[in-house]
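using only what follows, build the 3D model:
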Amino acid sequence: MLALIGRKRSKAARQGAAGLVDADSGRVLPRPLRRVVRFTVSLAVGRVPIARHTGTVAAVAFLAATGFYGMSLGGHTQDFTQVTTAAAGFAIDDVKVSGARETSEIEILAHLGLDGTTSLVALDVEDVRGKLAELPWVEEVSVRKVYPGTIEVVLKEREAFAIWQHGNDLSLIERNGSVIAPLRDNKFSNLPLFVGRDAETAAASFDKQFDNWPEIKARVKAYVRVAGRRWDLRLDNGVVVKLPETNIARAMDVLSRFEAEHGLLERDIAAVDLRLEDRTTIQLTEGAAARRKVVLEQRTKELKKVTDRS
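Got it, this is the predicted structure:
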């Protein structure tokens, strides 16, 4: 019995020396902490071998961690990644663009911000997509990385429906009336022209009404919005057709009938006023009006001579 107690006390003494037992209370440390304490004691007394250069490696790791932390605080992590990955062979050397009809590749490259050393790894695809989406003609855009050094850009561009003149400015618009970009050249000269305030928002619906009169529609050079209430048509020969606010179909049927029966639009006239339902007014050109005046004066003289003789 005394021998057993002696062995327990001897074991407790060893554990106490190893830090596993609280000498005052006799409590034993939890099992997860025992290994940690044993390793710490062994390390302190030199029983655990330490590899050579461990201190150097630890110092370098500490300095590297400190450097990365400093770059993170200073906002230079992206620059560091850019330089290192580009040097490793991931510099962007090719940009493949598809779907670009009106958007130039020069504009695309300018928004990508490539300088010959830009890294594909460090490239922020979402940032690039957002910048390209701001280009006037771009409706949708996707950007994809193809390692080791290629970017694929796929565009879906907006569709020009007409030209809108507001003041002295000319702009290309979509079918829904949204402005795409200023008109820069004659490339879109075949598109219909809509003139005036609010003309762009009503352009598509108004243009569609003339599908039933294709011969006349083909001769329209401009649709002019008047006071935001009604429209004038300016034809290719300069004739102005004044349409009513409502029941445009009736007015166009009248105009189509006059053209078919009398060739009205081929005559020397300046305007056709169809605003009133019960009458159609024809305005002659200045030359035609002057000639008509001469004819009327001559006819009046002849009638007067006839009257005097009788």
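
could I get the contacting residues of residue 151?
92, 94-96, 112, 120, 123, 128, 143-145 (Cβ atoms under 8 Å, 6 or more residues apart in numbering). All C-beta spots, glycine's among them, are computed from the backbone N, C-alpha and C.

now do 7 Å
By Cβ atoms under 7 Å, 6 or more residues apart in numbering, the contact list for residue 151 reads 92, 95, 143, 145.

my read is it is in a strand, agree?
Yes. Secondary structure of residue 151 (DSSP: H, G, I helix; E, B strand; the rest coil): part of a strand.

surely residue 179 meets residue 170?
No. When contacts are counted by Cβ atoms under 7 Å, residue 179 is not listed as touching residue 170 (10.7 Å).

list only buried entries from the contacts of residue 151.
92, 95, 143, 145 (16 or more other Cβ atoms under 10 Å).

okay, those in CSV with secondary structure, distance to residue 136 and pLDDT next?
Shown next, in CSV, are the buried ones among the contacts of residue 151 (DSSP: H, G, I helix; E, B strand; the rest coil; distance: Cβ to Cβ, whole Å; pLDDT from 0 to 100):
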residue, secondary structure, distance to residue 136, pLDDT
92, coil, 25, 77
95, strand, 20, 88
143, strand, 18, 93
145, strand, 26, 88
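
residue contacts, the residue lying closest to residue 226 once chain neighbours are set aside?
Using Cβ to Cβ, 6 or more residues apart in numbering and skipping residues adjacent in sequence, the residue nearest residue 226 is residue 232, 5.8 Å away. Counting by Cβ under 7 Å, 6+ apart, residue 232 makes contact with 224, 226, 240-243.

all helices for this structure, in order.
2-17, 31-45, 54-74, 77-85, 105-112, 125-132, 199-208, 214-217, 248-262, 286-309 (DSSP state H).

ok, the residue nearest to residue 236 when sequence neighbours are not counted to residue 237 distance?
With sequence-adjacent residues excluded and distances taken as Cβ to Cβ, 6+ apart, residue 236 is closest to residue 219, at 4.9 Å. Relative to residue 237, residue 219 is positioned 8 Å away (Cβ to Cβ, to the nearest Å).

who has more neighbours out of the two?
Neighbour count, other Cβ atoms under 10 Å: between residue 219 and residue 237, residue 219 has more, with 17 against 12.

would you agree the more buried one is in contact with residue 234?
No. Here residue 219 does not reach residue 234: they are 9.7 Å apart, not a contact under Cβ under 7 Å.

per-residue pLDDT, residue 284?
Residue 284 carries a pLDDT value of 87.

give me the number of neighbouring residues for the closest residue to it other than its chain neighbours.
Once flanking residues are discounted, residue 284 sits nearest to residue 269: 5.7 Å by Cβ to Cβ, 6+ apart. Look at residue 269: counted by other Cβ under 10 Å, it has 18 neighbours.

for residue 269, give its distance to residue 226.
Relative to residue 226, and taking Cβ to Cβ, residue 269 is found at 19 Å.

residue 92 versus residue 122, what's the distance?
The spacing between residue 122 and residue 92, counted by Cβ to Cβ, is 10 Å.

and the contacts of residue 232, which of them are buried?
224, 240-243.

among these, which are in strands?
Judged by DSSP state E, the buried ones among the contacts of residue 232 include 224, 240-242 as members of strands.

the protein - how does it break down into domains?
With domains defined by automatic domain parsing, the chain comprises 88-157, 162-289.

and those as JSON lines, adding distance to residue 35?
Listed next are the domains of the chain as JSON lines, based on distance: least, Cβ to Cβ, whole Å:
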{"stretch": "domain 88-157", "distance to residue 35": "41"}
{"stretch": "domain 162-289", "distance to residue 35": "70"}
